[in-house]
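> The amino acid sequence is not available; the structure is as follows:
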């Protein structure tokens, strides 16, 4: 359900963040880019686990931002088909059942109920 995925990303760090420690500024930017986003074939990004390496620090002409190549690991959430997860039922509508877990929101369509019988 949860796993680590290593990513390499070219990150533009705006000038107003250059007064912070580099690791802290980069982690903040990575959080704003990746957290609560779905990456195709990886799943939902939960958090930045760690930063493996930071290379670069180039400033391109006519741009005050510095650009880094960052290797880091993300904690991803991706349930597999048939996995049982626990959640609380929030509401039942004509569309299906809406359930809420600690990190996720699930809609179980009534069309799927025949599949489970």
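The structure has been received and is ready for your questions. Owing to the predicted nature of the structure, the values given are computational and were not obtained by experimental measurement.

> helices or strands up against the longest helix anywhere in the chain?
Longest helix in the chain, counting residues (DSSP state H): helix 22-34. Here helix 22-34 touches strand 2-13, strand 43-59, strand 66-77, going by 3 or more Cβ pairs under 8 Å, 6 or more residues apart in numbering; DSSP states H and E. Any C-beta I mention is one placed from the backbone N, CA and C, and that applies to glycine too.

> What strands line up against the next helix or strand after that helix, and which way round?
Using DSSP states H and E, the helix or strand that follows helix 22-34 in sequence is strand 38-39. Under the criterion DSSP bridges, strand 38-39 sits next to strand 43-59 (antiparallel) in its sheet.

> mean confidence score for the partner strand?
Averaged across strand 43-59, pLDDT comes to 92.

> Skip the chain neighbours and tell me the closest residue to residue 20.
residue 28 (7.6 Å; Cβ to Cβ, 6 or more residues apart in numbering).

> Would you mind pulling the contact partners of the longest helix of the chain?
Residues from elsewhere that reach helix 22-34, judged by Cβ atoms under 8 Å, 6 or more residues apart in numbering: 7, 9, 11, 13, 17-18, 20, 45, 47-48, 51, 54, 68, 70, 72, 74.
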